[in-house]
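In: sequence first, then the predicted structure, then my questions.
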Amino acid sequence: MTGSLVRNTLELSGIYKAYTRGKQQVPVLSDINLQVKAGEFVTLIGPSGSGKSTLFRLIGGVERADRGTIVIDGQEVSGQRGLISYMPQQAALFPWLSVRDNISSALVTAGASKSEAKQSAMEWLERIQLGHVAKEYPHVLSGGMQMRVSFLRALLMKRNLMCLDEPFAALDALTRADMQRWLLQLWEADRRSVLFVTHSIEEALMLSDRIYVLSSAPATVLREIAIPFERPRRADVWTDPAFVELKREVLALLEYGDSMIG
Ligand SMILES: Nc1ncnc2c1ncn2[C@@H]1O[C@H](COP(=O)(O)OP(=O)(O)O)[C@@H](O)[C@H]1O
Ligand SMILES: [Mg+2]
């Protein structure tokens, strides 16, 4: 197998997962098939409780699927940890480390020496306009700032795939729009492969190369949609008639999916 051709890719095939509730097996993911290609920004959008976070736990190797395969960079990896960088909904920072050390520890994980990591952490923090809080501890930062540090940590882990689970859900609308622009800038400079989860149709259309629309649990892929807008994305892309049309299409899918269940 030519490893270089399949680097930074993810392929899920036939993923099925059920949880046991009392005596019952409750299926959460029924048959998930999807891919992330090298350097692609792919988003999963689906109703709350459709199993998106569960899917991330399977990809991260924290839990095992009952059926199906998870292939990263051409290798079956089910149950293996440490292959992806993962950013959960709440900013995940070490409260006992300064902001700078939260970043430098990620760089050490990625293979840098301690002194290189400290230097480089400062440079990165300057680059994202957080140099002035490098010595602070995470709890004194605003939600948006914590999110930026958390995202930078995930980015600098240098894993082949970043999985971002509703990273902006807890932010107010304006901060969220800022964060989306910020994430796009950073991502466009670096082009890591990303699997992103959101509830927001606009966010999915704004950020992604492709989106997968999931049904309610037990989740399956209702539709795969390629997003046609040029990069870098224009800040006013949401005014494009094609954007409005895609938004309508995804909304209809999500509503239709919901009405099938309840
Ligand atoms: N460890 C678990 N044991 C039992 N049920 C679980 C467990 N984890 C998640 N679930 C159930 O699986 C479903 C999907 O949850 P989740 O993956 O968090 O959905 P989403 O992230 O799409 O909102 C929910 O009904 C949830 O209650
Ligand atoms: Mg979730």
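Out: Everything's here; your move. Ligands and ions are numbered 1, 2, ... in the order given.
In: which ones are touching Trp187?
Out: When contacts are counted by C-beta atoms under 8 Å, 6 or more residues apart in numbering, Trp187 touches 41, 194. Every residue, glycine included, has its C-beta placed from N, CA and C.
In: so it versus Arg231, what's the distance?
Out: 10 Å (C-beta to C-beta, to the nearest Å).
In: Val71 now?
Out: To Arg231, Val71 is 27 Å away according to C-beta to C-beta.
In: the protein: helices as residue ranges?
Out: 52-59, 99-109, 114-127, 143-156, 173-190, 201-207, 241-261 (DSSP state H).
In: out of those, flag the one nearest ligand 1.
Out: helix 52-59 (3.3 Å; C-beta to the nearest ligand atom).
In: the lowest-mean-pLDDT helix or strand in the chain: how far from the chain's middle?
Out: Least confident helix or strand, the chain: helix 241-261 with a mean of 83, by mean pLDDT, DSSP states H and E. Distance of helix 241-261 from the chain centroid (C-alpha atoms, centre = their mean, to the nearest Å) equals 21 Å.
In: rewinding a little: give me the more crowded residue out of Val71 and Arg231.
Out: Val71 (16 against 12; other C-beta atoms under 10 Å).
In: quick one: contacts for the more buried one?
Out: With contacts defined as C-beta under 8 Å, 6+ apart, the neighbours of Val71 are 9-13, 77.
In: on that earlier part again, export the helices of the chain as JSON lines, with columns for distance to Pro88.
Out: Conversion of these to JSON lines gives the following (distance: least, C-beta to C-beta, whole Å):
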{"stretch": "helix 52-59", "distance to Pro88": "8"}
{"stretch": "helix 99-109", "distance to Pro88": "15"}
{"stretch": "helix 114-127", "distance to Pro88": "21"}
{"stretch": "helix 143-156", "distance to Pro88": "9"}
{"stretch": "helix 173-190", "distance to Pro88": "15"}
{"stretch": "helix 201-207", "distance to Pro88": "17"}
{"stretch": "helix 241-261", "distance to Pro88": "23"}
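In: I'd say Ala217 and Gly49 touch.
Out: Yes: using C-beta atoms under 8 Å, Ala217 makes contact with Gly49 at a distance of 5.7 Å.
In: more neighbours: the two, which one.
Out: Ala217 (22 against 12).
In: what's near enough to touch the more buried one?
Out: Going by C-beta under 8 Å, 6+ apart, Ala217 touches 27-29, 49-51.
In: and if we set it to 7 Å?
Out: 28, 49-51 (C-beta atoms under 7 Å, 6 or more residues apart in numbering).
In: quick check on those: which are buried?
Out: The neighbour-count test (16 or more other C-beta atoms under 10 Å) applied to these identifies 28, 50-51 as buried.
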